[in-house]
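Q: Got a predicted structure here, sequence first:
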Amino acid sequence: MSDITLSAAVRSNLLSLQNTASLLDTTQTRLATGNKVNSALDNPTSYFTAAGLNARASDLGNLLDSVSNAIQTIQAANDGITSITKLVESAQATANQAQQLSETVSTTVAATAGKVTGGAFTAVDFTNSGANNGQVTFNLTLDGGTQHAITVAYADVSGAANTAAVTASELATALNGKINTAQGTSGVNYASVDGSGQIVITSNTTGASSSVAIAGFSATNGATGSGIANGSNTGAAASTTSSVNPARGALIAQYNGLLDQIDQLSADAGYNGNNLLAGASTQLKVLFNEAGSSSLTITGKDASSSGLGLAALASTGFDTNASISTVLGKLKTATDTLRSDASSFGSNLSIVQTRQDFTKAIINTLQTGASNLTLADSNEEAANLLALQTRQSLSTKALSLASQSDQNVLRLLQ
């Protein structure tokens, strides 16, 4: 190209066109990318400064994911404490319900009458008594009164045949008549027959003063038999005994079931494999800057029933008001502990959320600063493009005019 000689005017216009074309390329690149600094060649200081700002913004953006997970972990623990508090309150209501029931219940046993029961009745047989004058005799004392000799002869037994032994029922009927006569009473059934065929002599009164004493049973004049036994028995007065109210014991299973639910709920309060209600051994560390020099460590709490100082009750746990008061005291302590834990988690959650908002603001600041160093002004670049296009047109026209001057010399030589 060195063999080609251009006039000074042409060369000047050509150079102007080349500069204009270069500026057009630069302006069009800025409009296309939106950046006035696209590489270190454009502006090394702005380029590397913006790169550093964007790199830090990116690092902080990556930390936001872990901060977000930390917020959800703390929130899960707080939700767990809220639900456990409700279960503890239900346990308190159960204990209060037990305390409102009477501590004991009374059982009254009715007064009993003194009675003597003989052996199994076989018969009193008068058939071998000759002349049918055989008899049985025993001494009877009722209610500590006068002892009476009660004698029953064959003739006293209603319906007895000469050749038949009397039945227990027939003998009891005869005995009632004799005892009523001796006692000066009428129509009282002192003698009866139980379901085992035994003759029973019973006092006509009840209580501690009621008694029956039989002694000296004998059969005479050929009569034989058994069924009236020697012995004595005193009746009992009415008595009242107190025992633990069984309705209280029925509430223990309900109370223990609530403690079991507390244990299950505390075990389910984790998020992404991290449970802050599993005990102090569980810790959550949240990083707030890319260097790791700014962080917050959150220590877990033990929100299980044992961690709250609560234990399953034995079958006698609600027997006394004192034991229930002890249980209520432990439940009050558990409630206070849960409220303290909730306050601690709430404070930590506030700190993490504040740092999250701060990090987002810092990221925005860094990105804005980087943009200020590298972004192009679209309006300015559009105006530049229009001006350069106009300059290019003018330069092209000027180059054409310069070329025409050289052509005029050629016409002189023709």
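A: The structure has been received and is ready for your questions. Numbers count the residues shown, from 1 in each chain.
Q: In a strand, residue 187, correct?
A: No: per DSSP: H, G, I helix; E, B strand; the rest coil, residue 187 lies outside any strand segment and is coil.
Q: Check the gap between it and residue 113 for me.
A: Going from residue 187 to residue 113 by Cβ to Cβ, to the nearest Å gives 17 Å. Glycine gets a C-beta too; all of them are placed from N, C-alpha and C.
Q: And the two? Which one has more around it.
A: Between residue 187 and residue 113, counted using other Cβ atoms under 10 Å, residue 113 has the larger neighbour count: 18 against 7.
Q: Quick check: phi and psi on that one?
A: When read as degrees, to the nearest 10, the backbone of residue 113 gives phi -100, psi 150.
Q: So for the longest strand along the chain, what gets flagged as buried?
A: In the chain, taking DSSP state E as the definition, the longest strand is strand 211-220. For strand 211-220, the neighbour count (16 or more other Cβ atoms under 10 Å) marks 211, 212, 213, 214, 217, 219 as buried.
Q: now for those residues, which pair is the farthest apart?
A: Using Cβ to Cβ, these reach their maximum pairwise distance at 211 and 219, which is 25.3 Å.
Q: How about residue 192, nearest residue that isn't a chain neighbour?
A: Among residues not flanking residue 192 along the chain, residue 200 sits closest, at 5.2 Å (Cβ to Cβ, 6 or more residues apart in numbering).
Q: Run through the bridge partners of that neighbour.
A: Per DSSP bridges, the residues bridged to residue 200 are residue 117, residue 192.
Q: in the protein, what secondary structure element scores lowest on mean pLDDT?
A: strand 124-125 (a mean of 56; mean pLDDT, DSSP states H and E).
Q: chain center to the helix or strand following that strand, what's the gap?
A: Counting by DSSP states H and E, the next helix or strand C-terminal to strand 124-125 is strand 135-142. Chain-centre distance of strand 135-142: 73 Å, with Cα atoms, centre = their mean, to the nearest Å.
Q: Now do strand 135-142 and strand 211-220, the angle between them.
A: Interaxial angle, strand 135-142 versus strand 211-220 (axes from the mean of the first three to the mean of the last three Cα atoms, to 10 degrees): 170 degrees.
Q: Which elements pack onto strand 135-142?
A: On a contact count with 3 or more Cβ pairs under 8 Å, 6 or more residues apart in numbering; DSSP states H and E, strand 135-142 meets strand 147-153, helix 168-183, strand 211-220.
Q: and if we set it to 6 Å?
A: Counting contacts by 3 or more Cβ pairs under 6 Å, 6 or more residues apart in numbering; DSSP states H and E, strand 135-142 is packed against strand 147-153, strand 211-220.
Q: Distance to residue 29 added to the ones you listed, as TSV?
A: Formatted as TSV, these follow (distance: least, Cβ to Cβ, whole Å):
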stretch	distance to residue 29
strand 147-153	140
strand 211-220	128
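Q: weakest of those strands by average pLDDT?
A: Between the helices and strands packed on strand 135-142, the one with the least mean pLDDT is strand 211-220; it has a mean of 81.
Q: Pairing partners for that strand, with directions?
A: For strand 211-220, pairing defined by DSSP bridges yields strand 135-142 (antiparallel), strand 231-234 (antiparallel).
Q: who wins for proximity to residue 56 among those?
A: Here strand 231-234 is closest among these (Cβ to Cβ), at 102.8 Å.
Q: what packs against the next helix or strand after that closest one?
A: From strand 231-234 onward toward the C-terminus, using DSSP H and E, the following helix or strand is strand 239-244. Packed against strand 239-244 by the contact rule (3+ Cβ pairs under 6 Å, 6+ apart) you find strand 104-109.
Q: What is the strand it packs on packed up against?
A: So strand 104-109, by 3+ Cβ pairs under 6 Å, 6+ apart, packs with strand 239-244.
Q: Which residues does the helix or strand following the strand it packs on contact?
A: Per DSSP H and E, the first helix or strand lying C-terminal to strand 239-244 is helix 246-267. With Cβ atoms under 6 Å, 6 or more residues apart in numbering as the contact definition, helix 246-267 has outside contacts at 83-84, 87, 90-91, 94, 98, 101, 277, 303-305, 310, 312-313, 317-318.
Q: Just the buried ones from those residues?
A: Buried among these (16+ other Cβ under 10 Å): 83-84, 87, 90-91, 94, 98, 101, 277, 303-305, 310, 313, 317-318.
Q: Phi and psi next, for residue 301.
A: Torsion angles at residue 301 (phi, psi; degrees, to the nearest 10) stand at phi -120, psi 150.
Q: how many other residues sit next to it?
A: 25.
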